[in-house]
Every structure is written in C-alpha cells, then in structure tokens.
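> with the input below, show me the fold.
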Amino acid sequence: MEQYVIRGGSELKGEVVIGGAKNAALGILAASIMTDEDVLIENIPNVNDINVMLEAIAHLGAKVDRIDEHNVRINASTISSYEVNDDYMRRIRASYYFIGSMLGKYKCAKVPLPGGCAIGARPIDQHIKGFEALNAKINISRGYLSTEAKALKGAHIYFDVVTVGATINVMMAACMAEGQTIIENAAREPHIVDVANFLNSMGAKIKGAGTDTIRIKGVSKLHGTQYTIIPDQIEAGTFMCMAAACRGDILIKNVIPKHLESITAKLLEMGNVVQEFDEAVRVIGAEHQRHTDVKTLPYPGFPTDMQPQITVALALAEGASIVTESVFENRFKYVDELGRMGADIRVERNVAVVDGIKRFSGTSISAPDLRAGAALVIAALQAEGVTHIDGIGFIKRGYEEFDKKIRALGGVIEYINDPNKSEYA
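The predicted structure follows:
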C-alpha cells in the first residue's frame with residue numbers, strides 16, 4: 001500500500017517551483033484533438049490525471065509524442081474512434097471535456113460519465129443544456145453520454161449556475177459552430193482563460209474569457225499551435241498554506257500573483273507575511289496567527305480546491321474560525337482525519353467551526369480526495385511525532401513530486417510501498 005510517512009516539526013524554508021496548471025492542461029489536452037495539425041503543448045504537469053488523459057487521446061488513435069516530462073506533441077489526424085474508452089476515463093472527471101472537443105470537430109462523441117474525486121455531486125446538466133442549445137442531440141445510456149449533430153448552430157446560452165466544466169466544454173464545441181455563440185453567467189477561473197487562449201492560438205475567435213460573458217464566432221477549421229500552460233494556482237496556494245501552518249519561510253516561484261489574491265488576502269488577515277514579486281510570492285508564517293472566516297466562491301472568490309489547506313492553517317490559529325463551503329457539499333470528509341490528529345473542528349452541513357490548537361499529533365490517517373490529501377500532508381508536517389498517510393494515489397493525481405519538493409524545503413517525508421519498511425515507523 002502506498003503511503004507517505006512524515007515526521008513533523010522540521011523547519012520549512014527555501015524555494016519551490018510551481019508546475020503547469022493541471023485543470024488548464026486537462027481542457028487544453030482535450031482541445032488539442034480539434035485540429036489535424038501538430039500541436040505542441042509545453043509546461044504540462046507530470047501527474048496521474050494528465051498521464052491518463054494522454055493515454056486516452058492515444059487510444060482514440062491520435063499520435064502522442066511525449067517529448068519529455070513537461071512537453072508533448074499531439075497530432076489528431078489519425079483519430080479513428082469517437083468513443084472514449086471507459087477504462088481510462090472513469091478515473092478522472094475530465095472525460096467530459098472530450099464531448100465538447102469531439103462534438104466541435106467531428107459533430108459526434110460517445111464518452112463515459114466522469115469519475116474522479118468523490119467530493120459531492122457535480123452534475124453535467126449545464127453541459128447538456130449548452131450542447132442542446134448548439135443543436136446537438138444527447139442520449140445517456142448504460143453509463144455513457146452520446147451526442148451528435150448534423151451541424152452545430154451558434155446560440156445564446158445562460159448557465160443556471162456558474163460552472164467551470166460546462167463553460168470550457170460548451171466553449172470548445174461553440175468554436176466550430178456556425179454563427180455566434182454567447183455564453184452568459186460563465187465561470188471566470190484562470191484555467192478557462194488559458195483554454196480560451198489556447199483555442200485562439202489555433203484560430204478560434206473567442207472574446208471575453210475571464211468575464212461572465214463569453215462571445216464566440218464559429219470557425220470551420222482550427223490549425224496547429226505551440227502553447228505554454230499557465231502555472232498551477234492550487235499547487236501554489238497549497239505551498240502558501242504550508243508555509244503559514246508550519247511557520248515556515250517559502251519562496252514560491254513560477255506563479256501569477258494575481259491568481260492568488262484571494263488566498264493571499266486570507267493569509268494576511270491571519271497575520272502572516274506575504275511578499276509579491278513579478279512571478280513569485282514569499283510566505284512567512286507568523287508564530288501567532290489570528291482566526292478569520294473563509295467562504296468558498298467561484299473565481300475571483302476563495303477557491304473550493306483550497307478550502308482543506310486553509311482549514312488546516314486555521315486549525316492552528318488562535319480563536320475560532322468559520323469555514324463555509326458553498327461549492328461542493330462533501331468537501332469536509334477530511335475533518336474526521338484531522339480530528340484523529342487532535343484538531344477541534346465541528347461540522348454542520350456546509351459550515352465548519354474551527355477552534356485553534358497549538359499543534360497536531362502524528363497518527364495513521366487516510367486521504368479521502370486530492371486536495372484533502374494535500375491538506376493532511378500539511379498537518380502532518382506540523383504535527384508532533386510520525387504520521388502515516390494512506391490513499392496518496394489521490395495526491396499524485398494533482399501534485400508532481402510533492403514529497404520531493406517538500407524534502408527540498410527541509411520537510412521529513414518518505415514515500416513507501418511497504419509500511420513495515422519506513423525508517424520513521
């Protein structure tokens with residue numbers, strides 16, 4: 001069984017370089033099959049979700065040339081199937097991005113319903129609403145969503161809720177629809193802007209990405225491109241919270257500070273020092289940190305993917321903090337694991353009341369999902385004694401060389417396959 005074994009209490013100090021944004025890369029990889037020409041994508045993160053996505057693209061018949069860990073060349077001119085293999089895609093939710101890309105280019109797609117982290121219901125009704133508005137027919141049967149259209153027609157689409165996945169998916173399909181599409185109440189996350197910029201580099205005509213209204217003028221054909229993915233906002237935020245919780249001093253390089261403003265604001269409210277540079281942020285964790293309240297919201301609000309990490313930091317602050325989760329209803333499953341480490345957190349539906357403690361205690365815990373797993377690693381790094389964390393496959397889905405980066409900062413963390421062979425056990 002894979003585990004991280006962590007001995008807490010070491011001083012975390014130094015530099016860490018952030019990789020490419022996983023969530024942007026997943027959408028961009030799906031969009032890469034929308035041309036028959038070569039597409040060179042740079043700065044992809046070498047994490048499990050990305051590797052599964054590349055396997056799925058190759059299984060469709062495309063040529064996938066993994067130049068190195070962070071660069072890939074894709075040519076989709078040899079695609080021979082419009083059905084995504086269930087063996088690959090049940091493992092990650094990004095399966096549904098192939099609906100938009102294949103529907104746009106080929107006017108048909110058959111994709112398994114998505115898998116990934118079980119952090120709450122994430123329905124695809126807004127995706128379906130958007131595709132149907134573009135003149136596509138949808139059928140769901142035996143765990144698959146099938147869609148086809150004789151021709152895609154531009155439409156005026158208003159999403160009932162702000163949804164990142166549907167914004168990206170419908171935006172891809174609309175790129176190759178006849179006429180103009182207007183998407184209102186669109187999500188505004190940085191990775192939506194990155195996918196739009198990538199599509200525009202292929203010849204798409206998208207305006208307004210990053211605002212709540214996106215306008216798309218359909219084109220008949222997209223061409224090849226070379227594109228570099230933005231830095232990962234959530235990986236950067238995770239190390240920011242790590243510095244705060246562990247009272248460390250970490251310079252986090254290769255970031256876009258504007259993408260981190262909501263995280264920076266909360267860490268400053270807690271009394272930490274955050275210094276911004278052109279492409280880096282430095283976080284110095286204050287010895288005595290204040291309580292504050294956090295509510296997750298769509299961008300530019302506080303990211304739901306950062307909620308577990310900031311909660312760990314708040315669990316070590318003085319006083320009582322309130323954390324409200326307004327995006328996913330099951331995102332507090334990790335709280336029981338923190339309780340095993342001594343945290344004082346009470347959850348009522350979508351609200352957690354966090355009373356600060358001095359220090360966590362090492363024990364055996366299990367990561368319930370990707371971001372919660374990263375949060376538990378932060379807790380273990382601060383804890384007294386040794387912590388064994390199971391379920392780290394979740395963490396490896398979204399963090400590249402997480403343990404190696406932590407060791408470079410001075411953290412004592414070991415990756416093992418056999419719990420009996422840890423030098424810290």
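
> rest of the way, CA atoms for contacts and neighbours
Will do.

> neighbours around G19, how many?
23 (other CA atoms under 10 Å).

> repeat for the one 4 residues further on
Counted with other CA under 10 Å, the burial measure for N23 works out to 24 neighbours.

> surely it and H191 touch.
Yes - taking CA atoms under 8 Å as the definition, N23 is a contact partner of H191 at 6.4 Å.

> now the strands for the stretch 1-150 of the chain?
Using DSSP state E, counting those that start in this stretch, the strands of the stretch 1-150 of the chain run over residues 3-7, 13-17, 39-42, 63-68, 71-75, 108-112, 137-141, 144-148.

> okay if I get those strands as TSV plus mean pLDDT, distance to E261 and mean neighbour count?
Shown next, in TSV, are the strands of the stretch 1-150 of the chain (pLDDT from 0 to 100; distance: least, CA to CA, whole Å; neighbours: other CA atoms under 10 Å):
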stretch	mean pLDDT	distance to E261	mean neighbour count
strand 3-7	97	30	24
strand 13-17	98	18	17
strand 39-42	98	25	22
strand 63-68	98	32	15
strand 71-75	98	29	20
strand 108-112	92	36	23
strand 137-141	94	39	13
strand 144-148	93	38	20
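
> thought E2 was touching N417?
Yes - counting by CA under 8 Å, E2 does reach N417; the two are 4.5 Å apart.

> next up, identify which helix or strand S262 is on.
For S262, the host element (DSSP states H and E) is helix 261-269.

> on that earlier part again, more crowded one of E2 and N417?
E2 (14 against 11).

> look up how far G393 lies from that one.
Relative to G393, E2 is positioned 7 Å away (CA to CA, to the nearest Å).

> likewise for S326?
Per CA to CA, S326 is found 26 Å from G393.

> low-confidence stretches in this structure?
Along the chain, the model assigns pLDDT under 70 to residues 88-90, 114-122, 419-425.

> buried ones in stretch 221-232?
By neighbour count with 16 or more other CA atoms under 10 Å, stretch 221-232 contains the buried residues 222-225, 227, 229-232.

> distance of the closest residue in space to A133 that isn't next to it in sequence from K217?
Closest residue to A133 apart from its sequence neighbours, by CA to CA, 6 or more residues apart in numbering: A155 at 6.1 Å. Distance of A155 to K217, computed by CA to CA: 10 Å.

> okay, the two: which has more neighbours?
The residue with more neighbours, out of A155 and K217, is A155; 21 against 18, by other CA under 10 Å.

> OK, contacts around that one?
For A155, the contact set (CA atoms under 8 Å, 6 or more residues apart in numbering) comprises 133-134, 180-182.

> which phi and psi does it have?
phi -150, psi 170 (degrees, to the nearest 10).

> just the one 3 residues further on next, same as before
Note on Y158: backbone dihedrals following degrees, to the nearest 10 are phi -120, psi 120.

> would you mind confirming that it is in contact with E184?
Yes - taking contacts as CA under 8 Å, Y158 lies within contact range of E184: 4.7 Å.

> coming back round to it: pull the CA coordinates from the helix holding S262 and hand them back as PDB.
What follows is helix 261-269, C-alpha atoms only, in PDB (Å, rounded to 0.1, in the frame of the first residue of the first chain):
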ATOM      1  CA  GLU A 261      -5.100  37.200  -4.400                       C
ATOM      2  CA  SER A 262      -7.900  35.600  -2.500                       C
ATOM      3  CA  ILE A 263      -5.500  33.200  -0.800                       C
ATOM      4  CA  THR A 264      -3.000  36.000  -0.100                       C
ATOM      5  CA  ALA A 265      -5.800  38.100   1.500                       C
ATOM      6  CA  LYS A 266      -6.800  35.400   4.000                       C
ATOM      7  CA  LEU A 267      -3.200  34.600   5.000                       C
ATOM      8  CA  LEU A 268      -2.600  38.300   5.600                       C
ATOM      9  CA  GLU A 269      -5.800  38.500   7.700                       C
END
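
> pull the residues that contact that helix.
Contacts of helix 261-269 (CA under 8 Å, 6+ apart): 237, 241, 244, 273-274, 290, 292, 294, 300-303.

> for it, list every residue counted as buried.
So for helix 261-269, counting by 16+ other CA under 10 Å, buried means 261-264, 266-268.

> the very next helix or strand once past that helix pairs with which strands, and in what direction?
Of the helices and strands lying after helix 261-269 in sequence (DSSP H and E), the nearest is strand 273-276. Next to strand 273-276 in the sheet, as set by DSSP bridges, lie strand 280-284 (antiparallel).

> now the strand it pairs with and strand 13-17, what's the angle there?
Comparing the axes of strand 280-284 and strand 13-17 via axes from the mean of the first three to the mean of the last three CA atoms, to 10 degrees yields an angle of 150 degrees.

> distance from strand 280-284 to the middle of the chain?
When distances are taken as CA atoms, centre = their mean, to the nearest Å, strand 280-284 is centred 21 Å away from the chain's centroid.

> and for stretch 128-144?
Chain-centre distance of stretch 128-144: 25 Å, with CA atoms, centre = their mean.

> outside of it, which residues touch it?
So stretch 128-144 is contacted by 110-113, 145-157, 159, 166, 170, 173-174, 177 (CA under 8 Å, 6+ apart).
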